[in-house]
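Participant: what shape does this take:
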Amino acid sequence: MDQSALEEAEVMDIVNQLTLMGAEHGLPRVAARILSYLMLTGRPVGRSDIRQRLQISHAGLSANTRLLVDAGLIRRTVLQGTLADGFEVPPDAWQVQLERNIARLGRKQRDIDSILERTTSAPLRALDAALKAEIETKRRMLGELAPGA
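Facilitator: The predicted structure follows:
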């Protein structure tokens, strides 16, 4: 096996491992596969390259890149020296995800707080405490990623 084939096999093995992790965290498997591949390349990659390397249909690529772009995990770009579309993982993708996650948890927190004003439910109080702890943990993570955020 030549060196490039070995490297390609290693890359695809890592893509497969990351895909499973992404799917465990709620990403559709094809979206997790695209995100994993883009993270490993570390550069903008064209649609045709993604489709060929990952063996994804045109429709599957379109739907899943749209989902990833909307989530802020990847961004559309023009490949240098061409007019072709490409995709890349922005450097602040994880910061954006943490900020969105904190905002989502904050909305849940406000909903629970409004309910807690009317009840003394022990399970809701426990959920309230868990949400506050999770929000604080994610804020610390965000601070480590982007001090001053």
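Participant: which other helices and strands does whichever strand or helix holds residue 131 contact?
Facilitator: For residue 131, the host element (DSSP states H and E) is helix 122-145. Contact here means 3 or more C-beta pairs under 8 Å, 6 or more residues apart in numbering; DSSP states H and E; on that basis helix 122-145 packs against helix 93-116. C-beta here means a position set from N, CA and C on the backbone, and glycine is covered the same way.
Participant: show residues contacting the helix it packs on.
Facilitator: The contact list for helix 93-116 (C-beta atoms under 8 Å, 6 or more residues apart in numbering) reads 71-74, 90, 121, 124-125, 127-128, 131-132, 134-135, 138-139, 141-142, 145-146, 149.
Participant: try 7 Å
Facilitator: Helix 93-116 is contacted from outside by 72-73, 124-125, 127-128, 131-132, 134-135, 138-139, 141-142, 145-146, 149, using C-beta atoms under 7 Å, 6 or more residues apart in numbering.
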